[in-house]
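1. no sequence for this one, just the structure:
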């Protein structure tokens with residue numbers, strides 16, 4: 001199916017979100033149509049808030065916890081869960097040569113400073129001078145260090161001892177796709193044997209809500225599942241990491257595979273009308289799958305933003321015999337880690353030999369009780385970037 005010389009297995013997953021932490025909590029919530037939504041704190045914008053975490057379990061030092069921002073704590077915690085799941089936690093020899101690829105944003109803003117600037121700039125006699133003075137005088141020099149996206153990888157290295165090569169990708173949904181794509185390619189061609197890949201996102205941030213609403217990308221008012229919205233994302237806090245491993249390496253240490261990651265593809269269309277549908281169809285064709293391939297399902301990373309979601313809906317309906325599930329209806333949208341999260345959820349479904357039930361969604365999602373051998377995971381960026389992953393049942 002893929003052009004890889006070596007098989008790439010998923011041997012560990014670490015996931016946290018509004019649904020809880022770990023595989024069991026997520027599977028139970030998805031099976032029960034559960035969704036945790038806070039419609040009041042940031043009204044009129046609903047969000048999916050992170051479930052409570054006992055940080056001491058994966059970040060034992062209070063000093064480490066204090067120096068991290070929320071997105072770093074989320075990611076470091078999820079990475080620890082993935083290492084535990086793969087049987088790697090505390091194995092200094094393997095962690096010392098484990099590669100790490102992280103997809104992350106640029107850190108969190110100083111809300112008090114931003115608020116004061118936004119409130120007073122319009123009142124200033126010289127707004128541009130006021131802005132420069134406030135930026136120079138109010139921002140702490142350390143703020144810029146705290147916002148570096150590669151600090152997540154640094155914290156994972158410090159807390160969990162992952163000290164092989166390290167790469168950090170920025171760029172919203174496309175960063176998440178390319179992080180997994182590069183990790184897969186390095187293992188497939190023999191450059192790497194073992195990798196930790198994923199990311200994290202804190203969706204409970206006033207600065208992000210302001211940013212994305214200014215671009216017209218956010219849903220407002222009463223919450224609706226992804227396919228039922230008239231347009232707009234609902235942000236969610238989540239962290240997701242995968243342990244990827246060459247089959248030979250996994251077998252040598254007796255690791256049990258959760259699934260096989262057979263292919264990862266990415267595109268970056270310029271988004272004229274119909275481009276998303278065409279990009280997804282082109283990648284689907286490269287996977288060599290028929291539109292009615294038996295035992296095939298799709299887990300969608302649809303955001304709810306338009307026109308991207310409408311075009312992904314059109315693609316999903318073009319492969320009518322393939323059941324679709326949009327996890328954004330339960331998790332919200334988390335940008336960089338969304339792709340890794342959905343690959344993890346695909347691994348869970350394959351392990352259970354069944355899909356979780358469909359959401360009530362305008363006819364896009366249908367019940368399915370047939371065989372389940374492979375799941376195609378989609379990632380369509382709210383503004384730019386498309387990706388597919390093929391996750392297959394491990395044998």
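-> Cool, the structure landed. Fair warning: this is a prediction, and the values are worked out from it, not measured in the lab.

2. From here on, just use CA atoms for contacts and neighbour counts.
-> Fine.

3. Please enumerate the helices of the stretch 201-350 of the chain.
-> Ranges of helices in the stretch 201-350 of the chain, per DSSP state H, counting those that start in this stretch, are 206-214, 247-252, 275-287, 308-318, 328-331, 338-352.

4. neighbours of the nearest residue to residue 162 once chain neighbours are set aside, just the number please.
-> Distances taken as CA to CA, 6 or more residues apart in numbering put residue 95 closest to residue 162, at 4.7 Å, once the chain neighbours are dropped. The tally of other residues near residue 95 (other CA atoms under 10 Å) stands at 22.

5. likewise residue 40?
-> Using other CA under 10 Å, residue 40 has 11 neighbouring residues.

6. Check the spacing between the closest residue to residue 221 other than its chain neighbours and residue 57 real quick.
-> Once flanking residues are discounted, residue 221 sits nearest to residue 44: 5.2 Å by CA to CA, 6+ apart. Look at residue 44 and residue 57: by CA to CA, to the nearest Å, they are 35 Å apart.

7. go on, residue 20?
-> Counting by CA to CA - residue 20 and residue 57 are separated by 14 Å.

8. between the two, which one's more packed in?
-> Applying other CA under 10 Å to residue 20 and residue 57 shows that residue 20 carries more neighbours, namely 19 against 11.

9. Quick check: closest non-adjacent residue to residue 84.
-> Closest to residue 84 by CA to CA, 6+ apart is residue 12, at 7.6 Å.

10. what do you get for residue 25?
-> Once chain neighbours are set aside, the closest to residue 25 by CA to CA, 6+ apart is residue 19, at 6.7 Å.

11. Next: residue 56.
-> Closest residue to residue 56 apart from its sequence neighbours, by CA to CA, 6+ apart: residue 62 at 7.7 Å.

12. any weak-confidence spans in the stretch 151-300 of the chain?
-> 290-293 (pLDDT under 70).

13. All the strands of it, in order from the start?
-> Ranges of strands within the stretch 151-300 of the chain are 166-169, 194-201, 238-246, 259-267, 296-300, based on DSSP state E, counting those that start in this stretch.

14. Ok, which of those comes nearest residue 392?
-> Proximity to residue 392 (CA to CA) singles out strand 259-267 among the strands of the stretch 151-300 of the chain, at 5.1 Å.

15. wait, isn't residue 315 in contact with residue 280?
-> Yes: contact criterion CA atoms under 8 Å: residue 315 and residue 280 qualify, at 7.0 Å.

16. you'd agree residue 48 is up against residue 334?
-> No: assessed by CA under 8 Å, residue 48 is found out of contact with residue 334, at 9.8 Å.

17. Quick check: neighbours shared by the two?
-> 203, 235-237 (CA atoms under 8 Å, 6 or more residues apart in numbering).

18. among the residues you listed, which two are most distant?
-> Top of the distance list for the shared contacts of residue 48 and residue 334 (CA to CA): 235 and 237, 7.0 Å.

19. intersection of neighbour lists for these two?
-> The contact sets of residue 235 and residue 237 overlap at 48, 203-204, 332-334 (CA under 8 Å, 6+ apart).

20. ranking the residues you listed by neighbours, who comes first?
-> residue 332 (32 neighbours).

21. How about the secondary structure of the residue of the chain positioned farthest from its centre?
-> Of all residues in the chain, residue 125 has its C-alpha farthest from the mean position, at 44.1 Å, by CA atoms, centre = their mean. Three-state assignment for residue 125 (DSSP: H, G, I helix; E, B strand; the rest coil): coil.

22. For it, give me phi and psi.
-> phi -60, psi -40 (degrees, to the nearest 10).

23. which ones are touching it?
-> By CA under 8 Å, 6+ apart, residue 125 lies in contact with nothing.

24. Read off the pLDDT value for it.
-> pLDDT recorded at residue 125 is 89.

25. List the residues that contact the residue nearest to residue 176 when sequence neighbours are not counted.
-> The shortest distance from residue 176 to any non-neighbouring residue, by CA to CA, 6+ apart, is to residue 336 (4.5 Å). By CA under 8 Å, 6+ apart, the contact list for residue 336 reads 103-105, 170-177, 199-201.
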